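Undergrad: Structure, please.
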Amino acid sequence: QLWFDESGGGQVQPGGTLTLSCAVSGGTLREHSIGWFHQAPGKEREGVSCISNAGGHINYADSVKGRFTISRDLAKNTVYLQMNSLEPDDTGVYYCVPAFLRGMSYCVVHPDAAWGQGTQVTVSS
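TA: Numbers count the residues shown, from 1 in each chain. Okay, here's the model as predicted:
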């Protein structure tokens, strides 16, 4: 079973930058496509970005295209989400889990995914 340790969240002003980290254990990134999901207060989780196990395919939700960048370090078995030009609507908890890429913009949670604690991002002035 895969385990995920999300970190890097915090409070920033609109327009600010954060980089989230997702340390993976119990498996390698070469075996699993990984997605970042965002849960805003009072809303359901939505896919933000995901990267294929081969690393050659990346999807972004339309709301974050041009602002967020997903990447990974195979040696550290860690996936990152660099978040630029943050907006108040980006506020919420961010999780990483195994995911499938669909189309050009969608990330679908793997049915066997187990949600971790996530990391809180707050964008406010």
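Undergrad: helix or strand right after the top strand by length along the chain?
TA: Longest strand in the chain, counting residues (DSSP state E): strand 92-102. Next in sequence after strand 92-102, counting helices and strands by DSSP states H and E, comes strand 106-109.
Undergrad: Show the average pLDDT along that following strand.
TA: The pLDDT scores in strand 106-109 average 93.
Undergrad: Tell me, how many residues neighbour the residue lying closest to residue 99 once chain neighbours are set aside?
TA: Closest residue to residue 99 apart from its sequence neighbours, by C-beta to C-beta, 6 or more residues apart in numbering: residue 35 at 2.9 Å. (Glycine included, C-beta is placed from N, CA and C.) Counted by other C-beta atoms under 10 Å, the residues lying close to residue 35 total 27.
Undergrad: and residue 35, which of the three is it?
TA: Put simply, residue 35 is strand when judged by DSSP: H, G, I helix; E, B strand; the rest coil.
Undergrad: Could you give the bridge partners of it?
TA: Judged by DSSP bridges, the bridge partners of residue 35 are residue 50, residue 97.
Undergrad: And the one 10 residues further on, by the same measure?
TA: Counting by DSSP bridges, residue 45 forms beta bridges with residue 39.
Undergrad: What about it, how many residues nearby?
TA: Neighbours of residue 45 under the rule other C-beta under 10 Å: 17.
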